[in-house]
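J.: kindly return the folded structure for what I paste below:
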Amino acid sequence: MIRFENVSKSFGPKRVLDGFTLEVHEGDTVALLGYSGTGKSVALKHIVGLLVPDKGTVVVDDLDVPTLPRTRLYELRARIGYVFQSAALFDSLTVAENVGMGLRQRSEMTPAQIEWRVQEALDLVDLPEAADLMPSDLSGGMRKRVGVARAIALHPKYLLYDEPTTGLDPVTSAVIDDLMLRMQRHLGATSVVITHDLRTAWTVSNRIAMLYEGAIRQVGTPEEIKATSDPVVRQFIEGRANPVEPSAPAPR
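T.: I've put the predicted structure just below:
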């Protein structure tokens with residue numbers, strides 16, 4: 001389980017997270033929605049200890065992430081696959097070298113075992129012949145899939161996706177959505193998907209959380225979010241310039 005407890009985080013005078021509280025249960029795929037610049041990626045980085053909260057805490061597998069010593073933090077990160085928004089591939093490395101990066105840090109794995117795991121990951125993302133290609137040889141969608149392959153090569157317990165369909169055309173976005181569903185079925189991983197793409201949110205998640213002004217505005221199933229009366233959430237999912245007038249006080 002991943003649990004955010006009253007997390008606040010500021011950068012200079014700007015408070016990005018303000019009392020952020022959310023639970024991601026085992027086996028869930030939670031889509032975190034919100035406007036650009038509202039702190040979705042900031043929340044994600046707290047899970048792997050790339051950022052430390054100013055207040056509150058983040059708990060993963062009953063471990064208080066902000067207080068973990070470096071060695072324990074590295075052990076936790078080995079159980080988490082992170083798919084970066086830009087894929088974050090190293091241009092000087094082949095696809096196979098990029099995918100095997102985390103595996104090579106595991107001293108117990110032989111070169112043959114690493115090669116097998118890399119090929120397994122590439123097969124799962126439908127790029128079986130891509131091992132010797134360079135990132136410059138890949139389309140945007142292929143780069144995203146290599147980023148997913150690198151994340152799943154570790155056989156992680158958790159998968160974190162940061163805007164996985166940003167910059168992709170609708171058809172390629174649908175391919176990535178299908179890939180995320182396949183990874184959940186194959187690995188049984190608990191996933192958090194940062195997105196502002198509603199089609200992705202409806203397709204891949206069983207729970208959706210809306211981040212607004214640094215805190216969770218509403219959380220529920222896709223059906224519950226689609227039926228919400230909260231004016232802020234309705235404005236977002238309907239793409240309106242002005243919020244919908246509520247018929248009753250908005251839930252908090």
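J.: now do the contacts for Lys55.
T.: Residues near Lys55 by CB atoms under 8 Å, 6 or more residues apart in numbering: 6-8. Placement of C-beta: from N, CA and C, glycine included.
J.: so where does the closest residue to Leu33 other than its chain neighbours fall, helix or strand?
T.: In this structure, Leu33 finds its nearest non-sequential neighbour in Met210, 5.0 Å apart by CB to CB, 6 or more residues apart in numbering. Assigned by DSSP states H and E, Met210 belongs to strand 207-212.
J.: repeat for Ser173
T.: Element membership of Ser173, judged by DSSP H and E, is helix 170-187.
J.: for that helix, packing partners?
T.: The contact analysis (3 or more CB pairs under 8 Å, 6 or more residues apart in numbering; DSSP states H and E) places helix 170-187 against helix 111-124, helix 140-152, strand 158-162, strand 190-194, helix 198-204.
J.: from Val42, how far out is Gly167?
T.: 20 Å (CB to CB, to the nearest Å).
J.: neighbours of Gly102, how many?
T.: 18 (other CB atoms under 10 Å).
J.: can you pull the contacts of the closest residue to it other than its chain neighbours?
T.: For Gly102, ignoring the flanking residues on the chain, the nearest one in space by CB to CB, 6+ apart is Leu154 at 5.2 Å. Residues near Leu154 by CB under 8 Å, 6+ apart: 78-79, 81, 102-103.
J.: cool, Leu89 as well?
T.: Leu89 touches 95, 98, 135, 143, 146-147, 150, counting by CB under 8 Å, 6+ apart.
J.: just the buried ones from these?
T.: Taking 16 or more other CB atoms under 10 Å as the criterion, what is buried in these is 95, 98, 135, 143, 146-147, 150.
J.: still on that earlier bit, quick check: the residue nearest to Gly102 is in a strand.
T.: No. Using DSSP: H, G, I helix; E, B strand; the rest coil, the assignment for Leu154 is coil, not a strand.
J.: check the spacing between it and Gly81 real quick.
T.: 6 Å.
J.: quick one: the residue nearest in space to the middle of the chain from Met183, how far?
T.: The chain has Tyr161 as the residue nearest its centroid, 2.3 Å off, counting by CA atoms, centre = their mean. Separation of Tyr161 from Met183 (CB to CB): 9 Å.
J.: ditto for Glu26
T.: 16 Å.
J.: ok so, going back, got JSON lines for the helices and strands packed on helix 170-187, with distance to Pro222 too?
T.: JSON lines is the format used below for the helices and strands packed on helix 170-187 (distance: least, CB to CB, whole Å):
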{"stretch": "helix 111-124", "distance to Pro222": "25"}
{"stretch": "helix 140-152", "distance to Pro222": "22"}
{"stretch": "strand 158-162", "distance to Pro222": "17"}
{"stretch": "strand 190-194", "distance to Pro222": "12"}
{"stretch": "helix 198-204", "distance to Pro222": "5"}
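J.: using CSV, lay out the ones you listed together with distance to Thr172 and mean pLDDT.
T.: What follows is the helices and strands packed on helix 170-187, written out as CSV (distance: least, CB to CB, whole Å; pLDDT from 0 to 100):
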stretch, distance to Thr172, mean pLDDT
helix 111-124, 17, 92
helix 140-152, 4, 90
strand 158-162, 15, 93
strand 190-194, 16, 95
helix 198-204, 12, 93
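J.: where does the residue nearest to Gly102 land on pLDDT?
T.: According to the prediction, Leu154 has pLDDT 88.
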